[in-house]
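Peer 1: What follows is a predicted protein model with its sequence.
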Amino acid sequence: MNQIITIDGPAGSGKSTISRALAKKINFLYLDTGAMYRAVALDAKRRGISPDNGRRMGDLIKSMDLHFKTDEDPPKLFLGSEDISLAIRSPEMDMLASRVSAVKEVREGMSHLQRKMARGLKVVAEGRDMGTVVFPDAEHKFFLTALPRVRAERRYKERLGRGESVSKEIVESELKKRDKNDKTRSLAPLKPAEDAKIIDSTQLTPEQVVEEIMGHLKLTKS
């Protein structure tokens with residue numbers, strides 16, 4: 001597992017931007033597991049499958065042809081031959097992904113798929129339970145955090161950048177709800193791994209966070 005770097009954290013902590021930048025800097029594969037859960041949410045919605053139906057959700061995972069194309073930055077996520085990279089980036093998919101990620105059959109199926117995708121590769125795995133559940137033996141684990149108001153501001157600007165018309169108050173409310181769902185679910189709740197390095201990105205730029213992570217990597221390798 002010394003070829004696996006895990007980066008976990010709540011929404012708006014900067015983990016996607018930082019994980020992608022780090023992977024590019026050290027020539028590792030970037031594994032965006034949050035996007036994978038969003039893809040499950042999207043496919044379930046399209047097929048009319050309730051997230052509460054564990055058996056059908058588990059069967060859905062087994063039938064999905066989900067893969068990344070990494071020749072672009074950011075990598076694009078495909079469901080079969082369809083590029084769903086934009087379709088999964090909506091507030092509805094954000095909340096629905098949180099719901100499906102609490103389903104036992106979904107987490108088991110996705111954890112298996114994520115380990116399979118990372119097998120034999122050098123990977124920066126980003127998500128919410130990478131260091132605690134999916135890759136517990138990874139040598140390098142990080143947990144990013146930031147003040148809620150800062151995370152909400154980041155998410156607000158991100159959504160404006162996608163052309164959405166949304167108020168900052170709605171973004172803050174949705175972020176609080178997502179945080180509560182992720183931290184209180186009984187299965188793989190959001191929390192740092194015991195051996196994870198915790199980095200508060202509140203007053204740091206993405207570049208500074210990447211450099212801090214690089215410092216930890218060099219320190220452990222020396």
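Peer 2: Everything's here; your move.
Peer 1: Residue 142: which element?
Peer 2: strand 140-145 (DSSP states H and E).
Peer 1: Report the next helix or strand after that strand in sequence order.
Peer 2: Assigned by DSSP H and E, the successor of strand 140-145 is helix 148-161.
Peer 1: what is residue 82 paired to in the beta sheet?
Peer 2: Note on residue 82: beta-bridge partners by DSSP bridges are residue 79.
Peer 1: To what extent is it buried, counted in neighbours?
Peer 2: 10 (other Cβ atoms under 10 Å). Where you see a C-beta, it was placed from the backbone N, CA and C, and this is true even at glycine.
Peer 1: got it, and residue 200?
Peer 2: Residues near residue 200, counting by other Cβ under 10 Å: 14.
Peer 1: so where's the protein uncertain?
Peer 2: Applying pLDDT under 70 to the chain picks out residues 1-2, 219-222.
Peer 1: re earlier: which strands and helices sit next to the strand holding residue 142?
Peer 2: strand 4-8, strand 197-200, helix 206-221 (3 or more Cβ pairs under 8 Å, 6 or more residues apart in numbering; DSSP states H and E).
Peer 1: Isn't residue 41 up against residue 91?
Peer 2: No: at 11.8 Å, residue 41 and residue 91 do not qualify as touching, with contact defined as Cβ atoms under 8 Å.
Peer 1: helix, strand or coil for the residue nearest to residue 151 when sequence neighbours are not counted?
Peer 2: Once flanking residues are discounted, residue 151 sits nearest to residue 12: 2.8 Å by Cβ to Cβ, 6 or more residues apart in numbering. The three-state assignment at residue 12 reads coil, by DSSP: H, G, I helix; E, B strand; the rest coil.
Peer 1: cool, residue 189 as well?
Peer 2: For residue 189, the assignment made with three-state DSSP gives coil.
Peer 1: before we move on, back to that, residue 41 and residue 91: which is more packed in?
Peer 2: Between residue 41 and residue 91, counted using other Cβ under 10 Å, the more crowded position is residue 41 (24 against 15).
Peer 1: What residues does the more buried one make contact with?
Peer 2: 51, 88, 93, 96-97, 99-100 (Cβ atoms under 8 Å, 6 or more residues apart in numbering).
Peer 1: Of those - the most surrounded one?
Peer 2: Ranking these using other Cβ under 10 Å puts residue 100 first, with 28 neighbours.
Peer 1: Got phi/psi on that residue?
Peer 2: Main-chain torsions, residue 100, degrees, to the nearest 10: phi -70, psi -30.
Peer 1: returning to that earlier point: just give me the neighbour total for the residue nearest to residue 151.
Peer 2: Neighbours of residue 12 under the rule other Cβ under 10 Å: 27.
Peer 1: Tell me if I'm right that it and residue 147 touch.
Peer 2: No: using Cβ under 8 Å, residue 12 is not in contact with residue 147; the gap is 9.7 Å.
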